[in-house]
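> Fold the following.
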Amino acid sequence: MIDTRLPSRLLLTGILLATAAGAAAQEKQPAPQTTAPSPSPAQEEKPTPYDQRLIRLAEILGSVHYLRNLCLDQSEDGWRRSTQELIDKEAAGEPKRRERITAAFNRGYRTFASVYTRCTEPATLAEERYRAEGATLASEIVARFGN
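Numbering: from 1, shown residues only. Prediction:
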(Lines give C-alpha, C1' and ligand atoms only; values in the text may rest on other atoms or scores of the structure.)
Protein backbone atom coordinates (compact mmCIF):
# COMPACT_ATOMS: atom_id res chain seq x y z
CA MET A 1 0.00 0.00 0.00
CA ILE A 2 1.39 3.40 -0.99
CA ASP A 3 1.35 6.16 1.61
CA THR A 4 -0.18 9.20 -0.11
CA ARG A 5 1.14 11.50 2.63
CA LEU A 6 4.72 11.00 1.48
CA PRO A 7 5.00 13.95 -0.99
CA SER A 8 4.14 16.53 1.68
CA ARG A 9 6.34 14.65 4.14
CA LEU A 10 9.20 14.74 1.67
CA LEU A 11 8.82 18.48 1.24
CA LEU A 12 8.69 19.09 4.98
CA THR A 13 11.67 16.84 5.63
CA GLY A 14 13.58 18.76 2.97
CA ILE A 15 12.67 22.01 4.70
CA LEU A 16 13.92 20.60 8.00
CA LEU A 17 17.12 19.52 6.30
CA ALA A 18 17.68 23.04 5.00
CA THR A 19 16.93 24.45 8.44
CA ALA A 20 19.22 21.98 10.20
CA ALA A 21 22.09 22.58 7.80
CA GLY A 22 21.59 26.36 7.71
CA ALA A 23 23.84 29.01 9.13
CA ALA A 24 24.06 29.52 12.88
CA ALA A 25 22.14 32.79 12.75
CA GLN A 26 18.48 32.54 11.78
CA GLU A 27 16.11 35.39 11.12
CA LYS A 28 13.37 35.64 13.70
CA GLN A 29 9.93 35.76 12.09
CA PRO A 30 6.51 35.68 13.70
CA ALA A 31 5.05 32.18 13.74
CA PRO A 32 2.03 31.66 11.51
CA GLN A 33 -1.05 30.65 13.41
CA THR A 34 -2.05 27.15 12.44
CA THR A 35 -4.52 24.80 13.94
CA ALA A 36 -4.04 21.09 13.92
CA PRO A 37 -6.71 19.14 12.09
CA SER A 38 -9.18 17.34 14.32
CA PRO A 39 -8.60 13.63 14.36
CA SER A 40 -11.30 11.68 12.61
CA PRO A 41 -12.48 8.50 14.28
CA ALA A 42 -12.43 6.85 10.85
CA GLN A 43 -8.73 7.63 10.34
CA GLU A 44 -6.35 4.98 11.58
CA GLU A 45 -2.81 5.52 12.69
CA LYS A 46 -0.56 4.52 9.82
CA PRO A 47 3.01 3.91 10.95
CA THR A 48 5.66 4.66 8.36
CA PRO A 49 8.87 2.74 7.79
CA TYR A 50 10.80 5.80 8.95
CA ASP A 51 8.94 6.48 12.21
CA GLN A 52 11.98 5.64 14.37
CA ARG A 53 14.13 8.04 12.37
CA LEU A 54 11.42 10.68 12.64
CA ILE A 55 11.31 10.25 16.42
CA ARG A 56 15.09 10.65 16.59
CA LEU A 57 14.90 13.77 14.39
CA ALA A 58 12.31 15.30 16.74
CA GLU A 59 14.54 14.53 19.73
CA ILE A 60 17.49 16.19 17.98
CA LEU A 61 15.37 19.24 17.17
CA GLY A 62 14.40 19.55 20.85
CA SER A 63 18.05 19.33 21.89
CA VAL A 64 19.17 21.90 19.35
CA HIS A 65 16.29 24.20 20.33
CA TYR A 66 17.41 24.19 23.96
CA LEU A 67 21.13 24.52 23.26
CA ARG A 68 20.81 27.31 20.70
CA ASN A 69 18.60 29.36 22.99
CA LEU A 70 21.02 28.76 25.85
CA CYS A 71 23.98 30.01 23.82
CA LEU A 72 22.44 32.87 21.82
CA ASP A 73 22.01 36.42 23.01
CA GLN A 74 18.39 36.42 21.83
CA SER A 75 15.99 33.52 21.86
CA GLU A 76 14.84 31.91 18.66
CA ASP A 77 11.85 29.72 18.06
CA GLY A 78 12.62 28.27 14.61
CA TRP A 79 13.46 24.78 15.79
CA ARG A 80 10.26 24.43 17.80
CA ARG A 81 8.21 25.82 14.90
CA SER A 82 9.88 23.40 12.48
CA THR A 83 9.01 20.53 14.77
CA GLN A 84 5.41 21.71 15.05
CA GLU A 85 5.17 21.84 11.25
CA LEU A 86 6.65 18.36 11.09
CA ILE A 87 4.10 17.10 13.62
CA ASP A 88 1.23 18.77 11.75
CA LYS A 89 2.28 17.20 8.43
CA GLU A 90 3.39 13.80 9.65
CA ALA A 91 0.74 13.02 12.23
CA ALA A 92 -2.36 14.87 11.08
CA GLY A 93 -5.29 12.97 12.52
CA GLU A 94 -3.05 10.52 14.36
CA PRO A 95 -3.00 11.55 18.02
CA LYS A 96 -0.71 8.74 19.19
CA ARG A 97 1.94 9.59 16.59
CA ARG A 98 1.61 13.28 17.52
CA GLU A 99 2.20 12.36 21.16
CA ARG A 100 5.28 10.26 20.33
CA ILE A 101 6.87 12.98 18.19
CA THR A 102 6.06 15.68 20.76
CA ALA A 103 7.45 13.53 23.56
CA ALA A 104 10.67 13.01 21.60
CA PHE A 105 11.13 16.77 21.12
CA ASN A 106 10.48 17.38 24.82
CA ARG A 107 12.84 14.56 25.82
CA GLY A 108 15.65 16.09 23.74
CA TYR A 109 14.98 19.50 25.27
CA ARG A 110 14.84 18.23 28.85
CA THR A 111 17.92 16.05 28.49
CA PHE A 112 20.15 19.02 27.80
CA ALA A 113 18.27 21.30 30.20
CA SER A 114 19.19 18.89 32.98
CA VAL A 115 22.89 19.03 32.05
CA TYR A 116 23.58 22.59 30.89
CA THR A 117 22.40 25.69 32.72
CA ARG A 118 24.79 28.04 30.94
CA CYS A 119 26.52 28.09 27.58
CA THR A 120 29.85 26.31 27.69
CA GLU A 121 32.23 25.00 25.07
CA PRO A 122 30.85 21.45 25.45
CA ALA A 123 27.29 22.80 25.01
CA THR A 124 28.31 24.58 21.81
CA LEU A 125 30.03 21.45 20.54
CA ALA A 126 26.98 19.31 21.37
CA GLU A 127 24.72 21.73 19.48
CA GLU A 128 26.96 21.58 16.40
CA ARG A 129 27.10 17.79 16.49
CA TYR A 130 23.35 17.41 16.98
CA ARG A 131 22.65 19.85 14.15
CA ALA A 132 24.96 17.82 11.87
CA GLU A 133 23.27 14.56 12.95
CA GLY A 134 19.85 16.09 12.25
CA ALA A 135 20.92 17.18 8.77
CA THR A 136 22.29 13.71 8.04
CA LEU A 137 19.15 12.05 9.36
CA ALA A 138 16.85 14.32 7.35
CA SER A 139 18.91 13.61 4.20
CA GLU A 140 18.68 9.89 4.87
CA ILE A 141 14.90 10.03 5.29
CA VAL A 142 14.50 11.93 2.02
CA ALA A 143 16.95 9.72 0.10
CA ARG A 144 15.64 6.43 1.41
CA PHE A 145 11.92 7.04 1.73
CA GLY A 146 11.23 10.01 -0.54
CA ASN A 147 11.20 8.13 -3.84
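
> right, and residue 50 touches residue 144 too?
Yes: applying CB atoms under 8 Å, one finds residue 50 in contact with residue 144, separated by 7.3 Å. In short, each C-beta sits where N, CA and C put it, glycine included.

> Settle it for me: which of the two has more neighbours?
Taking neighbours as other CB atoms under 10 Å, residue 50 and residue 144 compare with residue 50 leading, 21 against 11.

> what's the neighbour count on the closest residue in space to that one that isn't next to it in sequence?
Spatial nearest neighbour of residue 50, excluding adjacent residues (CB to CB, 6 or more residues apart in numbering): residue 145 at 4.8 Å. Residue 145 has 17 neighbours, counted by other CB under 10 Å.

> Next, work out how far apart residue 145 and residue 123 are.
The gap separating residue 145 from residue 123 is 32 Å, by CB to CB, to the nearest Å.

> same question, residue 80
Separation of residue 80 from residue 123 (CB to CB) stands at 18 Å.

> try residue 99
28 Å.

> Who has more neighbours out of the two?
Between residue 99 and residue 123, counted using other CB under 10 Å, the more crowded position is residue 123 (19 against 12).

> element containing that one, please.
helix 121-145 (DSSP states H and E).

> list the helices and strands that helix packs on?
Counting contacts by 3 or more CB pairs under 8 Å, 6 or more residues apart in numbering; DSSP states H and E, helix 121-145 packs against helix 6-21, helix 51-71.

> when you compare where it runs with where helix 51-71 runs, what's the angle?
When axes from the mean of the first three to the mean of the last three CA atoms, to 10 degrees is applied, the directions of helix 121-145 and helix 51-71 differ by 150 degrees.

> in helix 121-145, what's buried?
Under the neighbour-count criterion of 16 or more other CB atoms under 10 Å, helix 121-145 has 123-124, 126-127, 130-131, 133-135, 137-142, 145 buried.
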